[in-house]
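J.: Have a look at this prediction, sequence included:
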Amino acid sequence: MSRGLVWFRADLRLGDNPAWAAATSDHEEVVALFVVDPVLWEGSGSHRRDQLAAHLGALDRSLQRRGGRLRVRRGDPARVIPAEAEGAARVYWNGDATPYSLRRDAAVLNALGFRGEEHPGRYVHPPGSVLTGEGAPFRVFTPFFRAWQSRPWDPWPEPGTAAVAADPGEGVPAGGRPLVEPGEEAAAQRLEDFLERVDGYSEERDRPDRAGTSRLSADLKFGTIGPRTVALRVDGPGEGRRAFIRQLAWREFYAHLLAAFPETRRRAMRPEYEGVAWRRDDDAFAAWAEGRTGYPFVDAAMRQLRAEGWVHNRPRMVAASFLVKDLLIDWRRGERHFLRWLVDGDVAQNVGNWQWVAGTGADAAPYFRVFNPVTQGLRFDPDGAYVRRWVPELAGLPAPAIHAPWEAPPAVLDAAGVVLGTTYPPPLVDHAEARAAALEAYEAAKRPRPA
DNA sequence: TGAAATGTTGGGGCG
DNA sequence: ACGCCCCAACATTTC
């Protein structure tokens, strides 16, 4: 009897899954394997581990409905996969593009004696497939987007009928309470829920106090939903749908960039900014990470990150900008922190967006675009509801004052029970001064070095 | 997917 | 009626 092995990684679904479809069509029996890689497991914060464990449980239940189990092993994939592949004709997986996964997959493939088969399941168009007319990678989003959109594709095949092996191995790791209901059915329901409000997406997506976004980032990260399913369901007329497809394309752009320029995992895409004189300020970093910068919109974002591992994109950008521009701390420190704590933490997206904010990336925000944390709060959280939820000690403050409590009249602070320096910190830095210092630091880095 | 600084315009108050 | 000032609203430029 012919047997195949499917190595699940960031594609925890059975539908819209090319590796699964190929294996279940090519063989009479398949083993569904997940390897808990200590490098990734230990590197993840509790939020992502809890969500992953829950998703694995849901995948196991889906496989049980097919008469099998998810097999779980702990260890280095380069050792575990060949051992598990004893008796299997081929091993199937969906490829990824981060430097670590490329190294890992090459090692696995080598150890398997090339009985491995990589499929593209993580993106609508796999990294490296969208290129300029000259065959070079795009460095600017808009032309990438055009090429990405005009590239034809078909939905991936449906799964075949192979039996699923029923040995659960070590079993699904235990985890705490996940952020969202696990599994691909729940993810599909989240997509359907989003489609109910997609027409308002353009208007609502920047409002952290409302539920205007798709909330699909973690599902795309874990692969509990397929990118082509998302693209197919969202495609259509209307501003909201177009705006969302554009966001989906940013995700693909960043995957393409990291695949084409793997060194940008650690280094600025624009080398002139490698020389910025970042400050080594552990106290300021801790204040940022713990949500006590004294800027309510920033603190709300950082507390939401700690509490639930997900942050709305707008406060995410503003909090990131604050670390880099206001505190002048190296974007890589923030990148590491976000990657650890985010449920949707993904190397390509995280690095791409941090470099965008820092102004060091391809097609990034110019370095002189500095977010004002007060103005951003006033504009995108006009009632203060988002701040009120995550910074409860300010909850008694009325709308405009809540975004800049140090400017509120004493009577207003009194009435809200806010004592600056006691119940809530004063601003860690003066934004206007910090902005000027950041501009100076970036310009200094750009200037040619004196001979 | 900014914001501050600077420039311009036009309405209204007022002598 | 006129000039002057103030300032809000908008536009442009600069970082």
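T.: Okay, I see it. Everything quoted here is computed from the prediction, not taken from an experiment.

J.: sec struct for the residue lying closest to residue A:155 once chain neighbours are set aside, please.
T.: Nearest residue to residue A:155 in three dimensions, chain neighbours excluded: residue A:228, at 5.7 Å (Cβ to Cβ, 6 or more residues apart in numbering). C-beta: built from backbone N, CA, C; applies to glycine. Secondary structure assignment for residue A:228 (DSSP: H, G, I helix; E, B strand; the rest coil): helix.

J.: How about the contacts made by residue A:228?
T.: A:16, A:124, A:153, A:155, A:156 (Cβ atoms under 8 Å, 6 or more residues apart in numbering).

J.: can we see that at 6 Å?
T.: With contact taken as Cβ atoms under 6 Å, 6 or more residues apart in numbering, residue A:228 is in contact with A:16, A:124, A:155.

J.: any idea whether residue A:245 is helix, strand or coil?
T.: Using three-state DSSP, the secondary structure recorded for residue A:245 is helix.

J.: re earlier: could you export the contacts of residue A:228 as a markdown table, including neighbour count?
T.: Output for the contacts of residue A:228, formatted as a markdown table (neighbours: other Cβ atoms under 10 Å):
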| residue | neighbour count |
| --- | --- |
| A:16 | 24 |
| A:124 | 23 |
| A:155 | 13 |
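
J.: quick one on the thing from earlier: please report the distance of the residue nearest to residue A:155 from DNA strand C.
T.: Separation of residue A:228 from DNA strand C (Cβ to the nearest atom of the strand, to the nearest Å): 39 Å.

J.: That residue and residue A:120: what is the separation?
T.: Using Cβ to Cβ, to the nearest Å, we find residue A:228 at a distance of 10 Å from residue A:120.

J.: If you count contacts, what does the helix or strand containing residue A:59 end up packed against?
T.: Secondary structure from DSSP states H and E places residue A:59 in helix A:46-65. If you count contacts as 3 or more Cβ pairs under 6 Å, 6 or more residues apart in numbering; DSSP states H and E, helix A:46-65 packs onto strand A:70-74.

J.: and with 7 Å instead?
T.: Helix A:46-65 sits against strand A:70-74, helix A:217-222, with contacts defined as 3 or more Cβ pairs under 7 Å, 6 or more residues apart in numbering; DSSP states H and E.

J.: How about the contacts made by residue A:284?
T.: By Cβ atoms under 7 Å, 6 or more residues apart in numbering, the residues touching residue A:284 are A:327, A:329, A:428.

J.: what's around the last one, how many residues?
T.: Spelled out, that is residue A:428. 21 (other Cβ atoms under 10 Å).

J.: Ok, the first one next?
T.: The tally of other residues near residue A:327 (other Cβ under 10 Å) stands at 23.

J.: What residues does the stretch 301-450 of chain A have near DNA strand C?
T.: A:366, A:368, A:369, A:439, A:443 (Cβ under 7 Å from any atom of the strand).

J.: Tell me where the stretch 151-300 of chain A is predicted with low confidence.
T.: In the prediction, the stretch 151-300 of chain A carries no residues with pLDDT under 70.

J.: gap between the closest residue to DNA strand B within it and residue A:194?
T.: Of all residues in the stretch 151-300 of chain A, the one sitting closest to DNA strand B is residue A:250 (5.2 Å; Cβ to the nearest atom of the strand). Residue A:250 sits 17 Å away from residue A:194, taking Cβ to Cβ as the criterion.

J.: again with residue A:117
T.: From residue A:117 across to residue A:194, the span is 33 Å (Cβ to Cβ).

J.: Can you pick out the residue with more neighbours from these two?
T.: Higher neighbour count among residue A:117 and residue A:194: residue A:194, with 21 against 18, using other Cβ under 10 Å.

J.: which helices and strands does the helix or strand where that one lies pack with?
T.: In this assignment (DSSP H and E), residue A:194 forms part of helix A:184-197. If you count contacts as 3+ Cβ pairs under 7 Å, 6+ apart, helix A:184-197 packs onto helix A:227-234.

J.: That concludes my questions; thank you for your assistance.
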